[in-house]
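Trainee: Following is a predicted model, sequence given first.
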Protein chains: 4
Amino acid sequence: MPTSRIEAFSDGVFAIVITLLVLEIHVPQVQGKDVAAALARSLLAMTPKFLTYILSFVLVCIWWVAHHHLFHVLRRSDRGLLWLNSLFLLWLAFLPFPTALMGDFPGERIAVMGYGTVSTLAGVSFTLMRFYAFYLAKLVDESIDRSLLNSAMLKSALNPVLHSIAVLLAFVDTRLSIALYIILPMMFFIPSKLERYVHSGQTGSPS
Amino acid sequence: MPTSRIEAFSDGVFAIVITLLVLEIHVPQVQGKDVAAALARSLLAMTPKFLTYILSFVLVCIWWVAHHHLFHVLRRSDRGLLWLNSLFLLWLAFLPFPTALMGDFPGERIAVMGYGTVSTLAGVSFTLMRFYAFYLAKLVDESIDRSLLNSAMLKSALNPVLHSIAVLLAFVDTRLSIALYIILPMMFFIPSKLERYVHSGQTGSPS
Amino acid sequence: MPTSRIEAFSDGVFAIVITLLVLEIHVPQVQGKDVAAALARSLLAMTPKFLTYILSFVLVCIWWVAHHHLFHVLRRSDRGLLWLNSLFLLWLAFLPFPTALMGDFPGERIAVMGYGTVSTLAGVSFTLMRFYAFYLAKLVDESIDRSLLNSAMLKSALNPVLHSIAVLLAFVDTRLSIALYIILPMMFFIPSKLERYVHSGQTGSPS
Amino acid sequence: MPTSRIEAFSDGVFAIVITLLVLEIHVPQVQGKDVAAALARSLLAMTPKFLTYILSFVLVCIWWVAHHHLFHVLRRSDRGLLWLNSLFLLWLAFLPFPTALMGDFPGERIAVMGYGTVSTLAGVSFTLMRFYAFYLAKLVDESIDRSLLNSAMLKSALNPVLHSIAVLLAFVDTRLSIALYIILPMMFFIPSKLERYVHSGQTGSPS
């Protein structure tokens, strides 16, 4: 079974999740004499919602890029990959809820930890899928250097580990967790060796 | 008419339904002095909603896989297939409503039976579509062994039969129905002979 | 410019609209002592919403099929077609609102007329697009018989004419309008000569 | 890396945003003795919401066309383009919120300025992406005349400049801003030289 269908389906879910995030931001209902001032105050109070929206948007974009890089090196798919991918999509599609929750209760430990837990679980599923494809089911393009796969694997595994630490830091201070939620994705802007290899267009004919 | 367009359209509906399910889970509105405790209580009370979300997510994934396996063995499509597929999509696209209903009223017979009825009707439509494609309109790849088609047909037909039994069990106890709703999809994780045949990549040249 | 992009974009809008319709059906909020009876009553009272959902679902499916048949006979697209298609999509994407409106107020003249007006305007836009493609911009495959195009054109034009009559009948009785809204789509289940020609797979080599 | 994936993903976001806009238009809740009159009044009062919906719909369509014209002249993509495109999609996907805000508060300066600010930021991101692709990363088809690129670049840059002027005019009168929001998109109906060049189908073999 070719990977193109799983990719197309996942791309659809990515595009929909990224666009649905905004639906959790509702227009404030303002009444009273001074509507202008009340509306301005309400919008200002919604700042955490706007920032959480941006954070989740960036997170989904990073996962989208990572997902493409993973599937770019796969030769074929099987049932195991399909279900591990579905598990990853389960957490991805669930993201709008913790996003809205943390946006509404940015100071509440349970909301901050909930957000991080969902993104940790998405990271764990993604790592499992990569591990399965790279080492268990051997779905990967054989021409690709093992060391490139290993370093990509390590980077994938590091993500949920660091996210779970961010979650636990909420017991100290929720602002520490949020700071890490913002810093961690930046780490993934730096392309890994495998990504640079894929981008160099050498798939199939490595030197 | 090739089947690719119906597939692409259906894939779009699958991806959207799976992602819309989360929109029925709303952030709890919490007031009063102890926000932290009230929020924790509200989230805990939402457990049935989370579980129903996961159940429907798995259901849609299973149907997505089954839909692909069906269309993988079809040579062409016609108007009949198109409208039977639309009937199936009608129930699929409707799923977010009974999901939210059972999530909100997990102990109410009408909610539990409503959920099972919609998934039964989706199963009936899917079975009709398969029957039409396999036996009435003969849209299937001729090289495929009849016995493989028959066993896939049987499995398809078994699904709504078992689901309707689960619905009726709600007259005894709604928890029995819910238990069956959870167990039945697992049955479909086990690939049928036709699916294994399709996965073995032999379509078009059976031994 | 090839037509494939407009088709893919329109298909996306079709799939999303058909799936969004369900979001306007909300789980009833039920309180009091006898939840079971109250919930059953609430769901029964929602029957017009369920029926309007099915009606709009069928409408979107019919337009989807008609859209494909139109684009199947086009050789190329231009800016005019692109904007007329966007005008059609404007009314299509708006459909969830009048659907919810008529579902909530099935006995109110303004709701019933609003629903029919939006579907009339979608029909007018579709007819304009077909007229533009067939006669003004001559985007159609030249091998196709003129009489086939003319009969498809006539059928397209008949649709908004009959729908606007259905809208006006609301001044007599809203139930008359609704009856016509249900009957009219059935007319379009009967394939036109052009559709049968397209399905016979002879595009490009007519006898 | 080919551009097809970024295009498909962006197309998905475009199609979803355009269809989600309607979700912010809610059916009015009407009570009292004269439902018919109250419903008519409520719907009439929603006119700004309907008009803002149409405005945003047109805006998204124009951006969709511009996005296609940009990617049509690109030979390849890179990480920079991918992230600048994501930045553009961030503002695009956010559009339903300011649309709903201005629809609910068409006379409030903060709502009118908010709407224009988001469309300005989308325009700035789009201009940045074009600048990056044309001049910095040189991703463009080399056969295309430099002067065509320059004029397309100028038109792209003009858009956010004019939109930010429209935003600032809200300090004089919000109706002036809204008038400009409506007039500005019309300017972009007139195809630029590059667009006409692309439509003439000469990409790859310029005279």
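Mentor: Thanks, I have it.

Trainee: Helix or strand next in line after whichever helix or strand residue A:115 is part of, which one?
Mentor: Assigned by DSSP states H and E, residue A:115 belongs to helix A:109-131. Of the helices and strands lying after helix A:109-131 in sequence (DSSP H and E), the nearest is helix A:146-168.

Trainee: Okay, buried residues for that next one please.
Mentor: Going by neighbour count (16 or more other Cβ atoms under 10 Å in any protein chain shown), the buried part of helix A:146-168 is A:148-149, A:152-153, A:155-157, A:159-160, A:162-164, A:166-167. Any C-beta I mention is one placed from the backbone N, CA and C, and that applies to glycine too.

Trainee: Could you dump the residues you listed into JSON lines with pLDDT and distance to residue A:39 added?
Mentor: Below are the buried residues of helix A:146-168 laid out as JSON lines (pLDDT from 0 to 100; distance: Cβ to Cβ, whole Å):
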{"residue": "A:148", "pLDDT": "86", "distance to residue A:39": "53"}
{"residue": "A:149", "pLDDT": "88", "distance to residue A:39": "53"}
{"residue": "A:152", "pLDDT": "86", "distance to residue A:39": "48"}
{"residue": "A:153", "pLDDT": "89", "distance to residue A:39": "50"}
{"residue": "A:155", "pLDDT": "86", "distance to residue A:39": "45"}
{"residue": "A:156", "pLDDT": "87", "distance to residue A:39": "44"}
{"residue": "A:157", "pLDDT": "91", "distance to residue A:39": "47"}
{"residue": "A:159", "pLDDT": "90", "distance to residue A:39": "40"}
{"residue": "A:160", "pLDDT": "93", "distance to residue A:39": "41"}
{"residue": "A:162", "pLDDT": "94", "distance to residue A:39": "39"}
{"residue": "A:163", "pLDDT": "94", "distance to residue A:39": "36"}
{"residue": "A:164", "pLDDT": "95", "distance to residue A:39": "40"}
{"residue": "A:166", "pLDDT": "96", "distance to residue A:39": "34"}
{"residue": "A:167", "pLDDT": "96", "distance to residue A:39": "35"}
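
Trainee: could these go into CSV alongside distance to residue C:75?
Mentor: Shown next, in CSV, are the buried residues of helix A:146-168 (distance: Cβ to Cβ, whole Å):
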residue, distance to residue C:75
A:148, 46
A:149, 47
A:152, 46
A:153, 49
A:155, 49
A:156, 47
A:157, 52
A:159, 49
A:160, 52
A:162, 55
A:163, 52
A:164, 57
A:166, 56
A:167, 57
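
Trainee: Tabulate those residues in CSV, adding columns for distance to chain D.
Mentor: Output for the buried residues of helix A:146-168, formatted as CSV (distance: Cβ to the nearest Cβ, whole Å):
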residue, distance to chain D
A:148, 17
A:149, 19
A:152, 16
A:153, 21
A:155, 16
A:156, 18
A:157, 22
A:159, 18
A:160, 22
A:162, 21
A:163, 21
A:164, 26
A:166, 23
A:167, 25
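
Trainee: Look through chain A and tell me its longest helix.
Mentor: helix A:47-72 (DSSP state H).

Trainee: anything in whichever helix or strand comes after that helix near chain C?
Mentor: Proceeding C-terminally, helix A:47-72 gives way to helix A:79-94 as the next helix or strand, assigned by DSSP H and E. No - Helix A:79-94 lies apart from chain C when judged by Cβ under 8 Å from any Cβ of the partner chain; the minimum separation is 13.5 Å.

Trainee: can you list the residues of chain A near chain D?
Mentor: Going by Cβ under 8 Å from any Cβ, the residues of chain A near chain D are A:11-12, A:14-16, A:18-23, A:25, A:27, A:30, A:35-36, A:39-40, A:43, A:53-54, A:57-58, A:61, A:64-65, A:68, A:189, A:191, A:198-199, A:201.
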